[in-house]
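>>> build me a model from this:
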Amino acid sequence: MAKLTSGKPGNITTPPRRKLKRALILTSVSALIVVLVLYTMFRQDPTNVSTDPATTAKPDTPSTKAPEINRLVGRWMRPDGGYILEIRSASPDGKLDVGYFNPKSIHVGRAEWVEKDGKLYVMAELQDVNYPGSIYGLEYQVSTDHLVGTYYQAVEKNTYDVEFVREK
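Predicted structure coming up:
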C-alpha cells in the first residue's frame, strides 16, 4: 500500500480511506455509548427511590408527571423508512405499552420511559427475528413534538441517528 506524503521529507499523512474508517468507528462507538447510558438509566433499581418526606410530593400536591408522560402516547413514524412506534400507554411506574411495525408487527421485549433533568426519555428493546436486542433510545422534544435519538441495530452492530414524528 502506498503512503501519501505531505511533500516534505519524512512527513507521512493518513490516507483518506483510513480517516473515513476511523471517523465511522468513532461515530459508532459514540452512538453506542449514548444507547448504553440510556439503557442503564432505565435499568435503575426502583427500590432505590427516596422515601424522605423532604424530597417526595405531598398528598395534596397535584401530580405534574401524568400530563408529561401522556405526551408520549400516540403513533410515531420514522420518515426515513415508514417504521411505526405506537405508544399506547405510559404508566407512572415507568412502563410503556408499545407496538413496533416495519410494516408488520415486531415484538417489543420491553419499553420504558424515564424523566431526567426535566426531559422525557423512551427506551424500546426489540426481540424478534432480525431484531434480537435492537434498541431505540429516544428523547421527547417538546418544542417540535418529535422523538429523537439513536437506534442500535443488534444484528448489524450499527447505531443510527433517528427521528420519529407524531402521526396526526
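>>> what residues of stretch 155-166 count as buried?
Across stretch 155-166, burial judged by 16 or more other Cβ atoms under 10 Å covers 159, 162, 163, 164, 166. Using the backbone N, CA and C atoms, a C-beta is placed for each residue, glycine as well.
>>> with stretch 86-103 instead?
For stretch 86-103, using 16+ other Cβ under 10 Å, the buried residues are 86, 87, 90, 94, 96, 98, 99, 100.
>>> pLDDT averaged over that stretch - what is it?
Stretch 86-103 shows a mean pLDDT of 97 in the predicted model.
>>> output that stretch as PDB, restricted to C-alpha atoms.
What follows is stretch 86-103 as a C-alpha-only set of coordinates in PDB (Å, rounded to 0.1, in the frame of the first residue of the first chain):
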ATOM      1  CA  GLU A  86     -47.000   3.100  18.700                       C
ATOM      2  CA  ILE A  87     -47.000   4.100  22.300                       C
ATOM      3  CA  ARG A  88     -50.400   3.000  23.600                       C
ATOM      4  CA  SER A  89     -50.000   4.000  27.200                       C
ATOM      5  CA  ALA A  90     -47.400   5.300  29.700                       C
ATOM      6  CA  SER A  91     -47.800   4.300  33.400                       C
ATOM      7  CA  PRO A  92     -46.400   6.300  36.300                       C
ATOM      8  CA  ASP A  93     -44.100   3.400  37.200                       C
ATOM      9  CA  GLY A  94     -42.000   3.900  34.000                       C
ATOM     10  CA  LYS A  95     -43.600   1.200  31.900                       C
ATOM     11  CA  LEU A  96     -44.800   1.700  28.300                       C
ATOM     12  CA  ASP A  97     -47.300  -0.300  26.300                       C
ATOM     13  CA  VAL A  98     -45.700  -0.200  22.900                       C
ATOM     14  CA  GLY A  99     -46.100  -1.700  19.400                       C
ATOM     15  CA  TYR A 100     -43.500  -1.500  16.600                       C
ATOM     16  CA  PHE A 101     -44.200  -2.100  12.900                       C
ATOM     17  CA  ASN A 102     -42.000  -2.500   9.900                       C
ATOM     18  CA  PRO A 103     -44.600  -2.700   8.300                       C
END
